[in-house]
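Peer 1: the sequence and its predicted three-dimensional model are supplied below.
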Amino acid sequence: MKSNFFKIVLPAFALMLAITASLAFTSADSAEDTDTKIVIAEYIHPDTQDCTTIDEVCCQLTGTDLCTAIVKNNAGNDVTVDLFLKTSVCNLILYEYIPE
């Protein structure tokens with residue numbers, strides 16, 4: 001009876017211990033990589049006032065400094081625009097991502 005118990009329980013316990021240890025000791029860099037702030041954003045076009053999509057910007061939904069981009073207007077001039085989270089309308093303002 002004792003030997004059957006150790007044949008089944010001991011390997012299972014060792015496996016659970018190995019899985020727990022591998023999850024408990026991950027580096028801070030790998031955990032930080034999964035918490036990216038890359039979002040698909042929109043801006044209000046300076047000439048047409050339509051929402052225009054920008055792919056993959058590094059912004060977040062909270063903060064103090066507005067997330068901006070430089071785009072060209074119809075005349076070819078550079079214009080700084082505020083970025084919004086991609087929704088059906090341009091109304092969720094994005095802020096600069098500041099890593100902690």
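Peer 2: That came through fine.

Peer 1: spell out the residue ranges of the helices in the protein.
Peer 2: Taking DSSP state H, the helices of the chain run over residues 2-24, 28-33.

Peer 1: least reliable of those helices going by mean pLDDT?
Peer 2: Among those, helix 28-33 has the lowest mean pLDDT, at a mean of 45.

Peer 1: can you give the strand pairings for the longest strand anywhere in the chain, parallel or anti for each?
Peer 2: When the chain is parsed with DSSP state E, its longest strand is strand 51-60. Partners of strand 51-60 in the sheet, by DSSP bridges, are strand 38-44 (antiparallel), strand 95-96 (antiparallel).

Peer 1: now what about the last one, what contacts it?
Peer 2: Looking back up the chat, that one is strand 95-96. Applying CB atoms under 8 Å, 6 or more residues apart in numbering, the contact partners of strand 95-96 are C59, Q60, L61, T62, G63, T64, D65, L66, C67. All C-beta atoms are positioned from the backbone trio N, CA, C, and that covers glycine.

Peer 1: let's go with 7 Å and repeat that
Peer 2: C59, Q60, T62, G63, T64, D65, L66, C67 (CB atoms under 7 Å, 6 or more residues apart in numbering).

Peer 1: sorry, back to before: who touches the longest strand of the chain?
Peer 2: Here strand 51-60 makes contact (CB under 7 Å, 6+ apart) with 37-45, 67, 69, 83, 86, 89-90, 94-97.

Peer 1: K7 - how many residues pack around it?
Peer 2: Close neighbours of K7, defined as other CB atoms under 10 Å, add up to 9.

Peer 1: what's around I44, how many residues?
Peer 2: Neighbour tally, I44, other CB under 10 Å: 14.
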